[in-house]
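**Student:** what follows is a protein structure lacking sequence information:
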């Protein structure tokens, strides 16, 4: 679900304190699984919260991934969180995505840190995981055109307090040089630039908090270099906390949306009122996810709250049969799922933003779902496609 766009001040160079420079939409996406079509066993598996911005002057799209979490449900189905993020980023492309990667026991699902099946990544594993997720999102796009604009690569990553790429790789236990292909170590800003002028200030971001604090102390002209030197000593980035900052450009496919559609980035009829968004958000925050029974009960309570608002039914993706059968199914379009006993229905509670063309899912070599931006009524519509059972790491 997403709230309706609201004016927002993303940079500090707009002049008047009341002047805004972007339209802001907050989005919450949850994924649940229903084993064998038994709705009584439906469980929320993972979710994400994102802030989406469209700059008033250039119509450039900027995305900040604020929170990503898993509940601990269905531990034998791995990689669902990565596929959710990759599908989301491809749906948002072209965009610039920002991530502040900090390992925490839980973000969205209350008490999920106590769930016996929840796997929480360490700081070094989380940084490595995010770089892989973003890299795969970019590799699934047609970057030929984009390379003309960014011949040196598509993204930047940086660990406060770590000076260079080789040191950062050692810190994160990464010995593969191929894992950093397309990445530049550091930040994509001129060191001498005024930080508030070039760094977007998101609501829930440590850089924004440091810049706000500095401005309140009379240092409104802090440079990028000064901010970079200060961050390793802050509460969130210092004190033996290993965190990572990522900025990457996600290009669109050459055969993707036509440019004429880009101006229609938000259709208010596809978003919910702020009061509804807040109500559902608070409902989620009050639920408990510390074991399987609580996850089932919490999922049921959230779906009931969703239905009470008379919102459209969530997107459903059905999977069935063996991996080989799923490969064949992926080649078809709009194929009805079979009634095989191994079937799983993936439910995604999310309001998509486009009404310009039907949704489309294309097969990808990395087994990642690619959901193009579209909407029917207020929900996304996607062909029935398989989600393979794979082994991997989930991000938190």
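**Tutor:** Yep, that arrived. Being a predicted model, the structure only gives us computed values, none of them experimental.

**Student:** make it CA atoms for all contacts and neighbour counts henceforth
**Tutor:** Fine.

**Student:** tally of neighbours for residue 83?
**Tutor:** 21 (other C-alpha atoms under 10 Å).

**Student:** and it, helix, strand or coil?
**Tutor:** Following DSSP: H, G, I helix; E, B strand; the rest coil, residue 83 is assigned to helix.

**Student:** how close does it get to residue 48?
**Tutor:** 12 Å (C-alpha to C-alpha, to the nearest Å).

**Student:** do residue 277 as well
**Tutor:** As judged by C-alpha to C-alpha, residue 277 and residue 48 stand 14 Å apart.

**Student:** what of residue 160?
**Tutor:** To residue 48, residue 160 is 24 Å away according to C-alpha to C-alpha.

**Student:** for the stretch 201-350 of the chain, just list every one of the strands.
**Tutor:** Assigned by DSSP state E, counting those that start in this stretch, the strands in the stretch 201-350 of the chain fall at 244-250, 315-319, 344-349.

**Student:** what's the least confident stretch among the ones you listed?
**Tutor:** Mean pLDDT per stretch puts strand 344-349 lowest among these, at a mean of 54.

**Student:** please name every helix or strand in contact with the helix or strand harbouring residue 68.
**Tutor:** According to DSSP states H and E, residue 68 maps onto strand 61-70. Judged by 3 or more C-alpha pairs under 8 Å, 6 or more residues apart in numbering; DSSP states H and E, strand 61-70 is in contact with strand 43-55, strand 95-101.

**Student:** repeat that for 10 Å
**Tutor:** strand 22-35, strand 43-55, helix 80-92, strand 95-101, strand 244-250 (3 or more C-alpha pairs under 10 Å, 6 or more residues apart in numbering; DSSP states H and E).

**Student:** what's the weakest-modelled helix or strand in this structure?
**Tutor:** In the chain, no helix or strand scores lower on mean pLDDT, DSSP states H and E than helix 323-330, which sits at a mean of 35.

**Student:** which ones are touching residue 247?
**Tutor:** Neighbour list for residue 247: 63-64, 96-100, 134, 154-158, 183-184, 186-188 [criterion: C-alpha atoms under 10 Å, 6 or more residues apart in numbering].

**Student:** could you redo the last one with a cut-off of 6 Å?
**Tutor:** 97, 98, 155, 156 (C-alpha atoms under 6 Å, 6 or more residues apart in numbering).

**Student:** buried subset of those as a PyMOL selection?
**Tutor:** Taking 16 or more other C-alpha atoms under 10 Å as the burial criterion, the selection of buried members of the contacts of residue 247 in PyMOL is written as:
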select buried, resi 97+98+155+156
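
**Student:** could the contacts of residue 247 go into JSON lines alongside pLDDT and distance to residue 213?
**Tutor:** Compiled in JSON lines, the contacts of residue 247 are given as follows (pLDDT from 0 to 100; distance: C-alpha to C-alpha, whole Å):
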{"residue": "97", "pLDDT": "97", "distance to residue 213": "24"}
{"residue": "98", "pLDDT": "98", "distance to residue 213": "21"}
{"residue": "155", "pLDDT": "95", "distance to residue 213": "28"}
{"residue": "156", "pLDDT": "97", "distance to residue 213": "25"}
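
**Student:** as TSV, the contacts of residue 247 with distance to residue 126 would be great.
**Tutor:** Below are these laid out as TSV (distance: C-alpha to C-alpha, whole Å):
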residue	distance to residue 126
97	17
98	15
155	17
156	16
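
**Student:** between the contacts of residue 247, which is closest to residue 311?
**Tutor:** Closest approach to residue 311 among those (C-alpha to C-alpha): residue 97, at 28.3 Å.

**Student:** any low-confidence regions in the stretch 251-396 of the chain?
**Tutor:** For the stretch 251-396 of the chain, the stretches with pLDDT under 70 are 253-270, 318-396.

**Student:** contact partners for residue 222?
**Tutor:** Applying C-alpha under 6 Å, 6+ apart, the residues near residue 222 are 194, 195.

**Student:** swap in residue 42?
**Tutor:** Neighbouring residues of residue 42 by C-alpha under 6 Å, 6+ apart: 33, 34.

**Student:** what about it, distance to residue 170?
**Tutor:** For residue 42 relative to residue 170 (C-alpha to C-alpha), the value is 41 Å.

**Student:** please apply the same query to residue 219.
**Tutor:** Using C-alpha to C-alpha, which is the criterion applied here, residue 219 is 35 Å from residue 170.

**Student:** do the same with residue 203
**Tutor:** Residue 203 sits 32 Å away from residue 170, going by C-alpha to C-alpha.

**Student:** also residue 300?
**Tutor:** Following C-alpha to C-alpha, the distance that separates residue 300 from residue 170 is 44 Å.

**Student:** higher neighbour count, these two?
**Tutor:** Each of residue 300 and residue 170 has its neighbours counted (other C-alpha under 10 Å); residue 300 has more, 18 against 11.

**Student:** okay, the closest residue to the more buried one other than its chain neighbours: pLDDT?
**Tutor:** In this structure, residue 300 finds its nearest non-sequential neighbour in residue 42, 7.6 Å apart by C-alpha to C-alpha, 6 or more residues apart in numbering. pLDDT recorded at residue 42 is 94.

**Student:** all numbers from here: first residue = 7
**Tutor:** Taking 7 as the first residue, the last one we looked at is residue 48.

**Student:** what about the residue nearest to residue 52 when sequence neighbours are not counted, how many neighbours?
**Tutor:** Nearest non-adjacent residue to residue 52, counting by C-alpha to C-alpha, 6+ apart: residue 76, 4.1 Å away. Per other C-alpha under 10 Å, the neighbour tally for residue 76 reads 29.

**Student:** could you do residue 303 as well?
**Tutor:** By other C-alpha under 10 Å, neighbour count at residue 303 equals 17.

**Student:** just residue 235 next, same as before
**Tutor:** Look at residue 235: counted by other C-alpha under 10 Å, it has 12 neighbours.
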